[in-house]
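Participant: Show me how the following folds:
(one chain, ligands or ions: 2)
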Amino acid sequence: MTDAEELTLADEIVARARIHAREVVDEDELAVDLEALEWDVSERARRRAGLCRWDADREVATIVLARRAYDRYDWPEFAEIVRHELVHAWEFQRFGESGHGDRFRERAAALEAPRYCESFAEPRYVLRCRSTDCDWRAARHRASKPVKAPDRYRCGACGGSYEVEHADSGRTWTTASGYGGAKAALGDEW
Ligand SMILES: [Zn+2]
Ligand SMILES: [Zn+2]
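Facilitator: Numbering: from 1, shown residues only. Ligands and ions are numbered 1, 2, ... in the order given. Okay, the predicted model is just below:
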C-alpha cells in the first residue's frame, strides 16, 4: 500500500469517528468538549482497537483508533469502540483521570458502549458477498443470526446473497442447513 492510500484510509477513519462523536455527544449524557479532542489512527496496533491519551498540560484528550480494527469490524462494532473512547475522553476532560469504574460503566451503558476496551482478534466468521462485482465483507466474532442463517439475510452493500466462512477451518456455507452441517463436521474444532 502506498503512503497516499494509507493517508486516505486514516482520514476516512477519523472523519467517520468525528461524525459519530458529534451524533452521540450531548450536554446531558456525555458533554465531551470536541474542541479539546484530537484524533489519531494507529497503523501498528494489533491488539487494542482504541485508546484515549490525556495531555494534562494542554488539557487535550487524544483518541487513537486502530486501522486493523477498522478493517476487521463492521461499522456498528467499530462505532462502539469510538463511543467507549469518548467516555474516556469525557472522564479525562472532566476529572483529569479515567478508568473503567462505576462512573465509566454508567456512561458507557447510556451510550451502549462496551465497558472494557476491546482487544480485537481475528474474527471467528467472515461474511463475503457472492456477487462478482461486489467486495462487501464483514467480520463476526459470535455466531449471530446472519452467521447461522445467511439465506435469510442480504449483502450489506448490493443486497445479493453472501457466504459465511469459519475463519479457522476455511469452511463456508450459504444456508442455515449448511451452517449446521459445517458445525457438525468440525465437532471439537468448531
Ligand atoms: Zn477503556
Ligand atoms: Zn454485495
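
Participant: would you say residue 64 is within a strand?
Facilitator: Yes - Residue 64 sits within a strand when classified using DSSP: H, G, I helix; E, B strand; the rest coil.

Participant: which non-adjacent residue is nearest it?
Facilitator: residue 40 (4.6 Å; Cβ to Cβ, 6 or more residues apart in numbering). (Each C-beta comes from the backbone N, C-alpha and C, glycine too.)

Participant: and the helix or strand hosting residue 61, average pLDDT?
Facilitator: In the assignment (DSSP states H and E), residue 61 maps to strand 60-66. Per-residue pLDDT over strand 60-66 has a mean of 96.

Participant: Next up, identify which helix or strand residue 160 is on.
Facilitator: Going by DSSP H and E, residue 160 is not in any helix or strand.

Participant: Show me the residue sitting in the middle of this protein in space.
Facilitator: residue 78 (2.0 Å; Cα atoms, centre = their mean).

Participant: Tell me how far it lies from residue 108.
Facilitator: Separation of residue 78 from residue 108 (Cβ to Cβ, to the nearest Å) stands at 16 Å.

Participant: Repeat that for residue 177.
Facilitator: Residue 177 is 39 Å from residue 108, where distance means Cβ to Cβ.

Participant: Those two: who's more crowded?
Facilitator: With neighbours defined as other Cβ atoms under 10 Å, residue 177 and residue 108 compare such that residue 108 has more, 21 against 11.

Participant: Nearest residue to residue 113 in space, please, no chain neighbours.
Facilitator: That would be residue 83: by Cβ to Cβ, 6+ apart, it lies 3.6 Å from residue 113.

Participant: my read is that neighbour is in a helix, agree?
Facilitator: Yes - assessed with three-state DSSP, residue 83 lies in a helix.

Participant: is it true that it touches residue 112?
Facilitator: Yes - using Cβ atoms under 8 Å, residue 83 is in contact with residue 112, at 7.2 Å.

Participant: Neighbour count: those two, which is higher?
Facilitator: Remark: of residue 83 and residue 112, residue 83 carries more neighbours, 24 against 10, as counted by other Cβ under 10 Å.

Participant: Now do the contacts for residue 174.
Facilitator: Counting by Cβ atoms under 8 Å, 6 or more residues apart in numbering, residue 174 makes contact with 130, 150-151, 161-164.

Participant: Which one of those sits in the busiest neighbourhood?
Facilitator: Most neighbours among those, by other Cβ under 10 Å: residue 164, with 26 neighbours.

Participant: Extract the residue ranges of this protein that are flagged as low pLDDT.
Facilitator: For the chain, the stretches flagged by pLDDT under 70 are 1-7, 118-122.

Participant: And residue 139, how close does it get to ligand 2?
Facilitator: 16 Å (Cβ to the ion, to the nearest Å).

Participant: Cool, thanks, talk later.
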